[in-house]
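*Asks:* Please find the sequence and the predicted model below.
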Amino acid sequence: MSDESAAELSPVDPEVLRGMAAAVGVRLSSERARTLASQAEQHFAQLRLLDETANPSTEPAAGLRLDRWARPGSD
């Protein structure tokens, strides 16, 4: 990473990850959450770098549409 100030690593709380996983129905053990937290820190740093370099006057390349969400197996 060339711009350390933009992509600075900040600690990710494993308990926050457990809460996020629980919100979508995934159970994480404390040990697994600690392992994932160290990996998540790098990914979040990269996302922050992209946020800082993105042109705010353009639309995102992709979007998430929750209004089209359906339960698995439904038509």
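*Replies:* Great, that's in hand. Numbering: from 1, shown residues only.

*Asks:* Identify each buried residue in the host helix or strand of residue 32, please.
*Replies:* If you go by DSSP states H and E, residue 32 is part of helix 30-53. Judged by neighbour count using 16 or more other C-beta atoms under 10 Å, the buried positions of helix 30-53 are 33, 36-37, 40, 45, 49. Using the backbone N, CA and C atoms, a C-beta is placed for each residue, glycine as well.

*Asks:* So which of those is the closest to residue 18?
*Replies:* Compare each of the buried residues of helix 30-53 with residue 18 using C-beta to C-beta and the shortest gap goes to residue 33, at 4.7 Å.

*Asks:* So which elements touch the helix or strand bottoming out on mean pLDDT in the chain?
*Replies:* Counting by mean pLDDT, DSSP states H and E, the chain has its least confident helix or strand at helix 30-53, which shows a mean of 88. For helix 30-53, the packing partners by 3 or more C-beta pairs under 8 Å, 6 or more residues apart in numbering; DSSP states H and E come out as helix 14-23.

*Asks:* The helix it packs on: which residues count as buried?
*Replies:* So, applying 16+ other C-beta under 10 Å, buried residues of helix 14-23: 14, 17-18.

*Asks:* from these, which single one is nearest residue 58?
*Replies:* Nearest to residue 58 among the buried residues of helix 14-23 is residue 17, at 31.0 Å by C-beta to C-beta.

*Asks:* and the closest residue in space to residue 38 that isn't next to it in sequence, which of the three is it?
*Replies:* With sequence-adjacent residues excluded and distances taken as C-beta to C-beta, 6 or more residues apart in numbering, residue 38 is closest to residue 12, at 7.8 Å. The three-state label given to residue 12 by DSSP: H, G, I helix; E, B strand; the rest coil is coil.

*Asks:* Provide a list of residues in contact with residue 12.
*Replies:* By C-beta atoms under 8 Å, 6 or more residues apart in numbering, the contact list for residue 12 reads 37-38, 40-41, 44.

*Asks:* can you give me the angle the helix holding residue 32 makes with helix 14-23?
*Replies:* 90 degrees (axes from the mean of the first three to the mean of the last three C-alpha atoms, to 10 degrees).

*Asks:* Tell me, how many residues neighbour residue 25?
*Replies:* For residue 25, the neighbour count with other C-beta atoms under 10 Å is 6.
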